[in-house]
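Chemist: Sequence unavailable; structure follows:
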């Protein structure tokens, strides 16, 4: 049998361990609701007092969370910081009032406890008189933690039952401080805030007029209209929440969401798993119920447009588009939409599948399209057709989505008919108007010989292509200046390129990044259709008075008004400057963008 050798304990180690050292102590406090703030302060002062009285203890920090549930650790910043510091070994002992203060979720509680034990941190629970310095105490703590979780779940269930009783009695509450459109008086009466109510009405009106949620949010910001929180931070989500809020129609719907998980406090949409309670006319209405229901139908209708559910969708597409003919021209060859593309001199419209595929759909000139629309508008005005609105029945909250959507289609049609009547009541159009076209033209078809302009309200006008006078406008939908100005740009190209190519000291020495040079090259490429690599593009020049000179002071030539205009159209302004010293000249050009 092998001999066993015993190595005795080290006396030096024993003496080291026997030396009394200062214990670094931290404390953790938590209250689950803000009204318990006094309890939180009392806990904090209590632990500070205990630590100060013990001469062998050193206070590290008192961690805490106010108004946060103990069922999860998601929003407990103090708890997370305490665990992080514990893992770093910043304290040796953690004081907690009771097990329920550290946490009411058994899994999270035990996980945190084991993290601290692995970091050699002892946790002391004052109320239960337990320390986590042995295995027996962990078993007892686990049982206490399970009871704490059960107690919290029971409290949550009781609260939910109490809220249910309140709903059955028709009692409801809302955060009026952030509820747009309403105020609450000192007597508890709910009244309409007139200024905020106007914002609500605008949102519903604009939506039913065809504005997108994004367009509405941008317009609200532009007009400086405030949200319920008093800011102008609008977005699509905030607009949609207002459109879906039935309170603005006078009815209060309760229990729209239910608690799905008591531990995580997660709420989900109530899709029938729990009863809902409606208090009809429980709050002053800002908009009529008919308008609210039409908005719901329009929301459903647009959803079908986006999903391209053609079987379920009928009615005009009144969404606002940036470019004038977007969504109005369908390729007769493949059925795809036409898109605007940049042609050699001006914009043209091409079938999407011709751009990215092999479709042979005809390329349409924007000028010819505008001329066709103007001719059709004039012919329609000459005929003065009678336009009659469709009747829309009174809607109810019991109507299903298909009924609401059909009503929204009729409402949209009536709105377009009204715009058409207004057009017919004005003077005969003599000029093309982009805004008018968007208001009254629904679709444009074409053949080899004709354009068929489909107006809203079912009015169709055929225009022979041979009779069309092209209308030349700037390609930008936001401007309507004659294309002759672009022609003036082109006329100045020889002069611009001559100055650039014949004088290798051109453009400013301050153009460190080359941004000015690149922008001018891009513009020249578009006007001349010549690639930049074939243009000799120098780097420096200066302006003194009305003359362009080199860095050395040599006069290149006098700058003509045409040169000024051409550079201005390219996005650059000539800078008037004086010569500081005979041999030092100031910057010559700067971007106007």
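Modeler: Yep, that arrived. What you see is a predicted model, and the numbers here were worked out from it, not measured in a lab. Residues are numbered from 1 along each chain as shown.

Chemist: low-confidence ranges in the stretch 351-500 of the chain?
Modeler: For the stretch 351-500 of the chain, the stretches flagged by pLDDT under 70 are 473-500.

Chemist: any idea where the helices of it begin and end?
Modeler: Ranges of helices within the stretch 351-500 of the chain are 352-356, 366-383, 401-425, 434-440, 484-491, 493-502, based on DSSP state H, counting those that start in this stretch.

Chemist: Flag every buried residue along stretch 377-394.
Modeler: Across stretch 377-394, burial judged by 16 or more other C-beta atoms under 10 Å covers 377, 380, 381, 387, 392. In short, each C-beta sits where N, CA and C put it, glycine included.

Chemist: Would you list the phi and psi of residue 121?
Modeler: Dihedral pair for residue 121: phi -110, psi 130, per degrees, to the nearest 10.

Chemist: Look up how far residue 378 lies from residue 463.
Modeler: Residue 463 is 10 Å from residue 378, where distance means C-beta to C-beta, to the nearest Å.

Chemist: From one end of stretch 24-39 to the other, what's the distance?
Modeler: Chord length of stretch 24-39, first to last residue, is 25 Å (C-alpha to C-alpha, to the nearest Å).

Chemist: you'd agree residue 60 is in a strand?
Modeler: Yes: Residue 60: assigned to a strand according to DSSP: H, G, I helix; E, B strand; the rest coil.

Chemist: wait, doesn't it sit right on residue 23?
Modeler: No: Residue 60 sits out of contact with residue 23 when judged by C-beta atoms under 8 Å, with a separation of 9.9 Å.

Chemist: Between the two, which has more neighbouring residues?
Modeler: The neighbour comparison of residue 60 against residue 23 (other C-beta atoms under 10 Å) goes to residue 60, with 18 against 15.

Chemist: and residue 128, how many residues sit next to it?
Modeler: 16.

Chemist: returning to that earlier point: Serialize the buried residues of stretch 377-394 to a markdown table and add fields for distance to residue 130.
Modeler: Shown next, in a markdown table, are these (distance: C-beta to C-beta, whole Å):
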| residue | distance to residue 130 |
| --- | --- |
| 377 | 87 |
| 380 | 88 |
| 381 | 90 |
| 387 | 84 |
| 392 | 71 |
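
Chemist: of all the residues you listed, which comes closest to residue 190?
Modeler: Nearest to residue 190 out of the buried residues of stretch 377-394 is residue 392 (C-beta to C-beta; 30.3 Å).

Chemist: Contacts only, for the closest one.
Modeler: Residues near residue 392 by C-beta atoms under 8 Å, 6 or more residues apart in numbering: 407, 410, 411, 414.

Chemist: go with 6 Å
Modeler: 407, 410 (C-beta atoms under 6 Å, 6 or more residues apart in numbering).

Chemist: Show the backbone phi and psi for it.
Modeler: phi -120, psi 120.

Chemist: Quick check: it vs residue 417, distance?
Modeler: Taking C-beta to C-beta, one finds residue 392 at 12 Å from residue 417.

Chemist: picking that back up, most packed of the helices of the stretch 351-500 of the chain?
Modeler: helix 366-383 (a mean of 20; mean count of other C-beta atoms under 10 Å).

Chemist: which strands and helices sit next to that one?
Modeler: Where contact means 3 or more C-beta pairs under 6 Å, 6 or more residues apart in numbering; DSSP states H and E, helix 366-383 is packed against strand 459-464.

Chemist: Recalculate using a threshold of 7 Å.
Modeler: In terms of contacts (3 or more C-beta pairs under 7 Å, 6 or more residues apart in numbering; DSSP states H and E), helix 366-383 is packed against strand 347-351, strand 450-455, strand 459-464.

Chemist: Cheers, nothing more for now.
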